[in-house]
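Trainee: 3D model of this:
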Amino acid sequence: MIAATPSPSWDELSAQLAALAGQIAQDSQTVDAADDPANWRDPAALWPGFTAAKG
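Mentor: Below you'll find the predicted structure:
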């Protein structure tokens, strides 16, 4: 029988996904609070997990 152990563990993976979801929700609230249509031209606002951090 084949056994598999996920790396990271399921608990770690679910914690990482929850943290990412929280960050995306926070980013969405920030954009909504600004209420500026120009914000939607910023790729980091639309795809925060896939764009480089601004600095």
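Trainee: just checking, what packs against the top helix by length along the chain?
Mentor: Across the chain, the longest stretch assigned as helix under DSSP state H is helix 10-34. The contact analysis (3 or more Cβ pairs under 8 Å, 6 or more residues apart in numbering; DSSP states H and E) places helix 10-34 against no helix or strand. Where you see a C-beta, it was placed from the backbone N, CA and C, and this is true even at glycine.
Trainee: remind me which residues of this structure are low pLDDT?
Mentor: Applying pLDDT under 70 to the predicted model, the residue ranges of the chain that meet it are 30-36, 38-40, 51-55.
Trainee: rerun that using 50 as the cut-off
Mentor: When the per-residue scores of the chain are filtered using pLDDT under 50, the ranges that remain are 55.
Trainee: Can you list the buried residues in the helix or strand encompassing Ala45?
Mentor: When secondary structure is defined using DSSP states H and E, the element that contains Ala45 is helix 43-46. Of the residues in helix 43-46, those buried under the neighbour-count criterion (16 or more other Cβ atoms under 10 Å) are Ala45.
Trainee: which ones are touching the most far-flung residue of the chain relative to its centre?
Mentor: Within the chain, Met1 marks the point farthest from the mean C-alpha position, 36.6 Å out by Cα atoms, centre = their mean. Listed by Cβ atoms under 8 Å, 6 or more residues apart in numbering, the contact set of Met1 is empty.
Trainee: ditto for the one 5 residues further on
Mentor: Counting by Cβ under 8 Å, 6+ apart, Pro6 touches Leu13.
Trainee: change it to 10 Å
Mentor: Taking Cβ atoms under 10 Å, 6 or more residues apart in numbering as the contact definition, Pro6 lies against 12-13.
Trainee: gap between it and Ala15?
Mentor: Pro6 sits 13 Å away from Ala15, taking Cβ to Cβ, to the nearest Å as the criterion.
Trainee: Check Ala25 too.
Mentor: Computed as Cβ to Cβ, the Ala25 to Ala15 distance reads 16 Å.
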